[in-house]
Structures are given as C-alpha cells and as structure tokens.
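Q: Just to be clear, the model below is a prediction. Sequence and coordinates:
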Number of protein chains: 2
Amino acid sequence: MDPIRIDDPADPRVAPYMDIRERDLAGRQGRFVAEGKVVLNVLFSARRFEVESVLLLENRLAGMAETLKSVPADVPVYVASSDVLDGIAGFHMHRGVLAIGLKRPPETIETILETLPERALVVVLVGIANHDNIGAIFRNAAAFGADAILLDETCCDPLYRKAIRVSVGAALKVPFAVASETGSLVDTLGKHGFEQIALSPQGTVDCRDMARPQRLALWFGTEGEGLPEKLMRRLKTVKIAMAGGFDSLNVAAASAITLHHFTDHRV
Amino acid sequence: MDPIRIDDPADPRVAPYMDIRERDLAGRQGRFVAEGKVVLNVLFSARRFEVESVLLLENRLAGMAETLKSVPADVPVYVASSDVLDGIAGFHMHRGVLAIGLKRPPETIETILETLPERALVVVLVGIANHDNIGAIFRNAAAFGADAILLDETCCDPLYRKAIRVSVGAALKVPFAVASETGSLVDTLGKHGFEQIALSPQGTVDCRDMARPQRLALWFGTEGEGLPEKLMRRLKTVKIAMAGGFDSLNVAAASAITLHHFTDHRV
C-alpha cells in the first residue's frame, strides 16, 4: 500500500469526496461515504461492499496502519494535508478518515430470505425517515445478531453518510433490502415461516412474556404514527411496559430492548 | 391568557430568545430553552421549573390552545410572525414553539436521595458529554420510572437545548444532581442502602440474570473508555450479551435495555 499524495482539492481522483454535504443531499449515484476508523474497519472486514478509494488526513496515516492492512491491494489510498482535505470536503474534517464505497445492486426480499438460516431474526422498518434512528437500529441489529433488515420505501437510505456513521458501520454489515409494498411483505414472511410481531403502544402482550420463535420478524413503525392500522391487524402486537405519565420511547431504544430480549446471545 | 404580539425582533421582552444558537454556546445564566409542544406539555405539567415566558409562531397559537391552558396566568405568551421569529432566533424556526424556563438552585445528592421512596432506582452517569446521549438517557429514565439521575462533573448539562429536545422533556421531569466526586458518591449511595451496578463490556454477569434489588443505582460510563477502573473495582459489574464480531452498543441503548430490565412497570 503506497499512499498517494493529493495537493490540489480539484484533483479528479478525489472528486467523489468533493463538497460532501451538498452531495449527500443530491444523492451519490451508486456510491457512499464511510467515515472514521471504526466504520472503515467494518467496511474492510465485512466485505459486503467494494471499496473505491480511501482518503486520509496525513497525520492519521500512522494510526491507520493496522486498518489499512485489510484494504484490497488495488484500492488507492490518498493522503492530504488538513487544508487540502477541508478544501475537498467543503468543511472542516477534524477526523480525516474517509472511504468511498460502491453500492450493490438492490437485493430482493426473496433473495435475502432464501439465504437465511433455519433459526433467524429479521427487523422490518416502516416509515423510519430519520437517519439517526435508522443508524441506531442497524447498530442494535448488528449488536444482537439480527440476520437482516427489511425496509419499506418510505424509510431513509441506510447508506446515507450520517446513517452509516451512527450505525458505527453496521449499515455496511447487516444485509438489507427494500420492500415495494408492506402488505405482500407480510405474506412473503409468512410463507417463509416467520412469526411476525409488531411493537406497538397499543399491544396487549408484554414483550417480556413472549418466547423467541424459531423464525421471528420484528416490525417497527414511526414514533408518532406507529404502524398503519391495516398492517397491525395482520400482526401480533406486543408492548414495552412503561411508567405512567411518560410512555414515550424512541424507536431505536424500542429496537434495543426487543432485539436484546429475543437474541440468542448470552454471556 | 392574552397573547402579546411581538413585531420587533429586538423587543427586550423576547431578549432571552435572541440568537438561540450563539447563546447555547455562551451559556444562559440561569435560563433554559424548551422547544416543541410535547416538551412544553412536560414543562407545564411536571412543574419542576418555573416558566418565564412562551414564544409562539402566530399560526401555532390555535393548535397550542390545550397546552396553554396549563401555563400559569402570570406567564406572558408572546406571538410573532415567521419573519420576526426567525429574526429573534437567528435561524429559521419551522416549529415555532418555544418557552424560557428558569433553572433551579443546584440540588445536592443528599437532598435528592433523602426524598426517594424506600424502593428506588437511580441512574448514575460518568463522563457522558454528548447531548444526544444525555437526552436519550433521560428519556429512557422517565419511560421506565427511574427516580433520579446523578451526574459527575464531566457530563454535559441536561438543560442544554438539544438535550431537552432529545429527552422529549424528560430532562424537565426527572430530578437530577451533579456529584463533585464519584468516589464519595459510591459511599453516599452505599450509606443510603443502594446496591450499585456498573454496566461494562468486561462485566461477568448477564444483566438478565440479576434480580432487581430494593434500591438500585445503575452506573454508566462513556462508550469508548467506559467507567474508570478504580470505580469499577468498587461496583458489581454486569454485561449486556451481544453477538460476536460486533459488540458495540450505544450508551443510551444500554440504558434502555437495563432500565427496562430493572423497572417495576409491567403491562
């Protein structure tokens, strides 16, 4: 690995890193930005996504030596001074550890479900449009060994820069797919033998009283509206018990509690 | 309640709302900013803090009628157009529901502990310097009925605007106090009959295998460093079991899981 020095922010080799925030908004045509050492470690070790290039602040190079050992040999590693890096990114990048990854062709729900083991846990998200929540749910899914995440079309992109960062790289590790329609997703999951549980403040069963089925799909909706009525009628609803007078839980916190409850992992 | 119209952003009556972001950074000398209908509902109903004034975007007035019924009669309610409100705040306030509250004289740990019921759950935070995490932990503490939160001096202020917002008002409801020194806090909590548990990836007991003691203090440290070694040696350590290869959990998620495990609330 021979780092390539970049001295001109307009160098075409670092064009995918230009004006990071503006490009986040505009969309990236098949690419995503991974930031920070921990995220890059997941990107390189999970190997779910191809890496196009790495860009480092020059003074981070030494500290990244171990991480860079797992970068494929044909991936260029660029280094730049703080001024040049800020000129590329369009704002001050104090961490200075970046990589560009290539998105994969979208996977179908069927493809994902067919690869799952006999005993499996999937998370299904409907209407989660906040990158912090998406990132945090991916992180919890990875922490408790969920096998895949299925999203409806109104969820935001797990490969958005902030979602990847909040997920601490889990968005680059946990397989996911987008369902075009939630009604038929219920059918498909049923056909694959999944017991389907929706988290809901209107649920009648305490999630603590539910045993883990062999194949479990855990559905989460938005914090405000929750899952659509029509969907809820087709799913078993469970509840997280809370104190009276403040029964308000963030959806990522709800995912942490239920994934922890249903995970097979023990100390 | 007679709303008072503000037409000049420089009106001294709305001075505490001026340049909100700059003032967040500079500190507010005894005041805090509460934002959004849900947070204002908690502020008015919990009555832990005095309210100095309310400032609303004019088109939000009708929708706030129910909430405003619980504002004390002597609290002025200001309304402004979108232009004037943006001129006051220094940026575009699309929600346009604000209040200024008055901080209380700092409570001592002893005062808080003396008011607790016989069966009690307190959260102790060390080094949590991120407003999202502080806000999320307060929200979880309120959701699962924790009686108080004790913070060391390196934690950030729960009454910082963003922390209040992320807490969905819980920072205005759950009593808290700042400890000058964590070593003596262990002694004080012990003296008050608290069993003390530290969450730690190095813990040997699965938190699921711990029964809830009558009086429980749950200690949380930062995600990176965790709790200081010296402190950990004096506490019982427990662990949240995770999947191999991705044992990384956000501290707010860890608080959700353990508070849910130890709460007395059931469906």
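A: Received it, and whenever you're ready, just let me know what you need.
Q: Stretch A:50-67: which residues count as buried?
A: Under the neighbour-count criterion of 16 or more other Cβ atoms under 10 Å in any protein chain shown, stretch A:50-67 has A:51, A:53-58, A:60, A:64, A:67 buried. Bear in mind the C-beta positions are built from the backbone N, C-alpha and C, glycine included.
Q: Closest one of the residues you listed to chain B?
A: residue A:67 (15.7 Å; Cβ to the nearest Cβ).
Q: residues in contact with that closest one?
A: Going by Cβ atoms under 8 Å, 6 or more residues apart in numbering or on different chains, residue A:67 touches A:37, A:40-41, A:44.
Q: Mind putting those into TSV with pLDDT, neighbour count and distance to chain B?
A: Converted to TSV, the contacts of residue A:67 look like this (pLDDT from 0 to 100; neighbours: other Cβ atoms under 10 Å in any protein chain shown; distance: Cβ to the nearest Cβ, whole Å):
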residue	pLDDT	neighbour count	distance to chain B
A:37	96	15	12
A:40	97	25	14
A:41	96	17	11
A:44	96	22	13
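Q: Show me what whichever strand in chain A runs longest is in contact with.
A: If you go by DSSP state E, chain A has its longest strand at strand A:50-57. Residues outside strand A:50-57 that contact it (Cβ under 8 Å, 6+ apart): A:3, A:6, A:13-14, A:16-17, A:31, A:40, A:43-44, A:64, A:68, A:71-72, A:75-82, A:85, A:88, A:93, A:95-102.
Q: Adjacent strands (with direction) for it?
A: In the sheet, strand A:50-57 lines up against strand A:77-80 (parallel), strand A:97-102 (antiparallel) (DSSP bridges).
Q: ok, back up a step: any chance of JSON lines for the contacts of residue A:67, columns secondary structure?
A: JSON lines is the format used below for the contacts of residue A:67 (DSSP: H, G, I helix; E, B strand; the rest coil):
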{"residue": "A:37", "secondary structure": "helix"}
{"residue": "A:40", "secondary structure": "helix"}
{"residue": "A:41", "secondary structure": "helix"}
{"residue": "A:44", "secondary structure": "helix"}
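Q: Nearest to residue B:234 among these?
A: Nearest to residue B:234 among these: residue A:37, at 32.3 Å, using Cβ to Cβ.
Q: Help me confirm that that closest one comes into contact with residue A:61.
A: No: Residue A:37 is beyond contact range of residue A:61, at 11.8 Å (criterion: Cβ atoms under 8 Å).
Q: Could I get the contacting residues of the residue of the stretch 151-267 of chain A at minimum distance from chain B?
A: When scored by Cβ to the nearest Cβ, the stretch 151-267 of chain A has residue A:243 as its residue closest to chain B, at 3.3 Å. The contact partners of residue A:243, taken as Cβ under 8 Å, 6+ apart, are B:142-145, B:263, B:265.
Q: rerun at 10 Å
A: Contact analysis of residue A:243 by Cβ atoms under 10 Å, 6 or more residues apart in numbering or on different chains lists B:141-146, B:259, B:263-265.
Q: ok, which stretches of the stretch 51-200 of chain A are strands?
A: A:77-80, A:97-102, A:120-125, A:148-152, A:176-179, A:195-199 (DSSP state E, counting those that start in this stretch).
Q: quick one: strands adjacent to the third one?
A: To tie it back to what came earlier, the one meant is strand A:120-125. strand A:148-152 (parallel), strand A:215-220 (parallel).
Q: out of these, nearest to residue B:205?
A: strand A:215-220 (26.0 Å).
Q: Could I get the CA-only coordinates of that closest one as PDB?
A: Extracted in PDB, the C-alpha atoms of strand A:215-220 (Å, rounded to 0.1, in the frame of the first residue of the first chain):
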ATOM      1  CA  ARG A 215     -38.100 -17.500  12.900                       C
ATOM      2  CA  LEU A 216     -39.100 -14.000  14.000                       C
ATOM      3  CA  ALA A 217     -39.800 -10.800  12.100                       C
ATOM      4  CA  LEU A 218     -39.900  -7.800  14.400                       C
ATOM      5  CA  TRP A 219     -41.900  -4.800  12.900                       C
ATOM      6  CA  PHE A 220     -41.300  -1.200  13.900                       C
END
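Q: Now find how far off-centre it is within its chain.
A: Between the centre of strand A:215-220 and the centre of its chain there are 17 Å (Cα atoms, centre = their mean, to the nearest Å).
Q: and if you look at stretch A:169-188?
A: Distance of stretch A:169-188 from its chain centroid, counting by Cα atoms, centre = their mean, is 11 Å.
Q: Stretch A:196-211 now?
A: Mean C-alpha position of stretch A:196-211 versus that of the full chain (Cα atoms, centre = their mean) differs by 24 Å.
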